[in-house]
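Participant: Here is my input, please return the structure:
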Amino acid sequence: MTAATSIPGHPPEFVAVVLASTVGTRLFPLTDIQLPKHLLPIAGTPTLLRLLTAISDCGFLETVVVISTDDAVTLPSLQQSLTAAVAGENNRFTLNDMKITVLRLPTESPSSVDALRRV
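Facilitator: Take a look at the predicted model:
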């Protein structure tokens, strides 16, 4: 796949979707409600930020990060690490040239497939 290109006024050809909507109970005691698995640090950097950087490096221009209804830590973490795309909007960010939108699921999703259907 070549780097994605965007035509002004048209949506990008591909949009990456990151499912970050679970705590990771099998990783307990490393994870809990205040430190979900996608925020576990690797060499001091949250896993989610490493993944978003890799996605951006692959040429994606847009990414959607899906979080759960009760997630209270992912947005503040991204606000600390990334640039807000639009002042006053706390769920849209940029990383290099990639737009990142955080989508909070309205209800608990029983599976990842259900979360994808809502994107």
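Participant: Which positions within the top helix by length along the chain qualify as buried?
Facilitator: Looking across the chain with DSSP state H, the single longest helix is helix 47-57. Buried residues in helix 47-57, defined by neighbour count with 16 or more other CB atoms under 10 Å: Leu48, Leu49, Leu51, Leu52, Ile55, Ser56. Yep, even glycine has a C-beta here, placed from its N, CA and C like the rest.
Participant: helices and strands around that helix, which ones?
Facilitator: Where contact means 3 or more CB pairs under 8 Å, 6 or more residues apart in numbering; DSSP states H and E, helix 47-57 is packed against strand 16-19, strand 62-67, helix 74-81, strand 92-95, strand 98-104.
Participant: Now tell me what touches the longest one from outside.
Facilitator: With contact meaning CB atoms under 8 Å, 6 or more residues apart in numbering, helix 74-81 is reached by 20, 36, 38-39, 46, 48-49, 65, 67, 90-91, 93, 100, 102.
Participant: If we use 6 Å, what do you get?
Facilitator: Leu39, Leu49, Ile67, Phe93 (CB atoms under 6 Å, 6 or more residues apart in numbering).
Participant: What residues of that helix count as buried?
Facilitator: Quick answer for helix 74-81 (16+ other CB under 10 Å): Thr74, Leu75, Ser77, Leu78.
Participant: angle of that helix against strand 62-67?
Facilitator: When axes from the mean of the first three to the mean of the last three CA atoms, to 10 degrees is applied, the directions of helix 74-81 and strand 62-67 differ by 140 degrees.
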